[in-house]
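Enquirer: Sequence first, then the predicted structure, then my questions.
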Amino acid sequence: MTDNRRQPTTNTRRIPRTAAVLAAGTVLVTSACSVDASDDQAASGDTVRIVLPEEPPTLEPCDASLTATGRVTRSNITEPLTERVPETGDLEPKLATGWKQTDPTTWTFDLRKKVTFHDGSDFTAEDAAFSVERAVNSEIGCNVDGYVFGDSDLKATAVDATTLKVTTAKPDPILPLRLSFVEVVPDSTAADAKVRDPLGTGPYRIDGWDKGVSLKLARNEDYWGEKPDYAAATYSWRAEGSIRAAMISSGEAEVAVGLAPTDGAGDFAVEYPNNETSYLRIDATEAPLDDIRVREAINYALDKEGLVASVFRELGEAAGQVVPSGVTGHDPDIEPWPYDMAEAKKLVAEAKADGVPVDTTITIIGRNGIYPNAAEAMEVAQNSLNKAGLNVKIKMLDVNAWLEYLLRPFPKDLGPTLLQAQHGNQAGDAAFTMGQIYGSKGAQSSYGTAELDRMIDEAEQSTGEDRQRLFAEALTHQSEEVVRDAVMAHMTGIMALSQKVEYKPNSASNDEMHLAEMHPAG
């Protein structure tokens, strides 16, 4: 099979004004909801104001792999040792200036000198070692642990003030890339609990968090690198996309993210590839979802092309795997499941005839704001699955409640569930997808098999062409033999930018929006 699907654009582009009347109408709606931006900095253009779909659930650096946290924290407040360039995939120095593999299980990192944290304390290898150990080996439940490292066993030690040694239990050819997800904090940070207001080495420091209202960052005047243009940044959040869009046209914000084509951003809208894939995670441990025929029926019943055309308004492409094109391990031969309601009904009927309790209520656990028109997408899915002969209801949650269902340990006594989810692989390697999503013990996995675990493990230890081939084979095995999820679409993002700001979003912008890349226009 060949993959003839339309490939997403790799360039950002302004979207023509197609809903000027809607935009004008929504401006009136925001008059009672505007951000408090009356301070002198905002008035003079020294503050960039960003409106998000949701408040960050935390600013804890070891949870920065969560989209809502990472877009504020990563490389703004805190920084990693290494950083991947989205446009090229290259790994560049950040707090580490160089690294090398000194034996099959040991990597040595040379650290940047004359760097200080926001409290004025010096950054040393002790801080780097502490940050790695805290993120990977502590008991505080860091998201980056499951997302990036899985069940990896590693040890970080300071050789001297500017040299870090990291040892792994087995060879890890992409360890420097994995460490790009570990945000560095001082070793004075609590090791047995997560923190609300982290210290970092980044170009901005926390300047106040009015919970439920806004979050303010101030420029770090002692930053080791080039100082960003804006003296401050203010984040606010509005659940309605039309309100976020209207805040740009009314001059209440400079950047709005997570928009839909119908939100009325007009000439302010910019489309960009956001590297996210939407899917439904199937809890294959619970009847009737433990029957592969039912899981196959779910895939046949979902009209992916229709979802993209109607609900997503062509912002995306129907997908058959969570690893998108351009990521090591992507298999171009995996096509989206075809829409075939007759086959879906047939499979459900066969399962029912064999005693599978297909009438059991299946709950879709949805998340408000996970992507534009998220609730509408789940309503379409519900209607299709009910039509196929299943009994499906929807439970929409805000991000904090939804996270309880995303990450292990999952709530108990749920009954069979489908989790509305979205996965972004901005790191560019399937290792950041396969173990955590499909491994038997993956942080976000509801089901796995011994054979798939073996295939993932073999791929993770391989390099070059073998790594690509083995991950692609694991993805094919998942799609054909396990069927743990129903992949819907590779997504395309929209943000709105005021004419007062210059910013070029890229495939990582949904997960880490660097303030230093924003500049006053003109």
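Expert: Structure's in. What do you need?
Enquirer: three-state assignment of the residue nearest to N510 when sequence neighbours are not counted?
Expert: In space, and not counting its chain neighbours, N510 is closest to N274: 4.2 Å by Cβ to Cβ, 6 or more residues apart in numbering. For glycine as for every other residue, the C-beta is placed from the backbone atoms N, C-alpha and C. Reducing the assignment to helix, strand or coil with DSSP: H, G, I helix; E, B strand; the rest coil, the entry for N274 is strand.
Enquirer: repeat for the one 5 residues further on
Expert: Under three-state DSSP, the three-state class of Y279 is strand.
Enquirer: Stretch 382-393: which residues count as buried?
Expert: Taking 16 or more other Cβ atoms under 10 Å as the neighbour-count basis, stretch 382-393 is seen to contain the buried residues 382, 384-385, 388-390, 392.
Enquirer: same question, stretch 368-386
Expert: Per 16+ other Cβ under 10 Å, stretch 368-386 contains these buried residues: 368-375, 377-382, 384-385.
Enquirer: before we move on, the earlier item: the residue nearest to N510 reaches S507, doesn't it?
Expert: Yes - N274 is in contact with S507 according to Cβ atoms under 8 Å; the separation is 6.6 Å.
Enquirer: between those two, which one's more packed in?
Expert: Between N274 and S507, counted using other Cβ atoms under 10 Å, N274 has the larger neighbour count: 29 against 22.
Enquirer: got the contact list for the more buried one?
Expert: For N274, the set of contacting residues under the criterion of Cβ atoms under 8 Å, 6 or more residues apart in numbering consists of 424, 491-493, 505, 507, 509-510.
Enquirer: want to throw those residues into CSV with distance to A233 and secondary structure?
Expert: As requested, the contacts of N274 are exported to CSV (distance: Cβ to Cβ, whole Å; DSSP: H, G, I helix; E, B strand; the rest coil):
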residue, distance to A233, secondary structure
G424, 22, strand
M491, 25, strand
T492, 25, strand
G493, 20, strand
P505, 16, coil
S507, 22, coil
S509, 15, coil
N510, 17, coil
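Enquirer: Next, format the residues you listed as JSON lines and append distance to H519 and pLDDT.
Expert: Rendered in JSON lines, the data for the contacts of N274 read as follows (distance: Cβ to Cβ, whole Å; pLDDT from 0 to 100):
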{"residue": "G424", "distance to H519": "25", "pLDDT": "85"}
{"residue": "M491", "distance to H519": "27", "pLDDT": "91"}
{"residue": "T492", "distance to H519": "24", "pLDDT": "90"}
{"residue": "G493", "distance to H519": "20", "pLDDT": "91"}
{"residue": "P505", "distance to H519": "14", "pLDDT": "95"}
{"residue": "S507", "distance to H519": "20", "pLDDT": "87"}
{"residue": "S509", "distance to H519": "15", "pLDDT": "92"}
{"residue": "N510", "distance to H519": "20", "pLDDT": "87"}
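Enquirer: what would the residues you listed look like in TSV with distance to W99?
Expert: What follows is these, written out as TSV (distance: Cβ to Cβ, whole Å):
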residue	distance to W99
G424	25
M491	33
T492	34
G493	32
P505	29
S507	24
S509	26
N510	27
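Enquirer: Just name the closest of the residues you listed to E481, please.
Expert: Here the nearest of these to E481, counting by Cβ to Cβ, is G424; it sits at 25.5 Å.
Enquirer: Could you give the number of residues near that closest one?
Expert: As a measure of burial, G424 has 21 neighbours, counting by other Cβ under 10 Å.
Enquirer: pretty sure it contacts G493?
Expert: No - at 10.1 Å, G424 and G493 do not qualify as touching, with contact defined as Cβ under 8 Å.
Enquirer: who touches both of the two?
Expert: Here G424 and G493 have 274, 276, 510 as joint contacts, going by Cβ under 8 Å, 6+ apart.
Enquirer: from those residues, which single one is nearest A239?
Expert: Nearest to A239 among the shared contacts of G424 and G493 is N510, at 17.3 Å by Cβ to Cβ.
Enquirer: P273 is in contact with that closest one, correct?
Expert: No - the pair N510 and P273 fails to qualify as a contact (Cβ under 8 Å) at a distance of 9.6 Å.
Enquirer: Can you pull the residues that touch both of these two?
Expert: The contact sets of N510 and P273 overlap at G493 (Cβ under 8 Å, 6+ apart).
Enquirer: Please enumerate the helices of the stretch 1-150 of the chain.
Expert: With DSSP state H, counting those that start in this stretch, the ranges of helices along the stretch 1-150 of the chain come out as 20-29, 40-44, 67-73, 125-137, 143-144.
Enquirer: just the stretch 401-522 of the chain next, same as before
Expert: 431-438, 450-460, 464-477.
Enquirer: For E79, which of those helices is the nearest?
Expert: helix 431-438 (19.1 Å).
Enquirer: tell me what the closest one is packed against?
Expert: Packing contacts for helix 431-438, counted by 3 or more Cβ pairs under 8 Å, 6 or more residues apart in numbering; DSSP states H and E, involve helix 450-460, helix 464-477.
Enquirer: Tell me the buried residues in the longest one?
Expert: It stands for helix 464-477. When neighbours are counted by 16+ other Cβ under 10 Å, the buried residues of helix 464-477 are found to be 467-468, 470-472, 474-475, 477.
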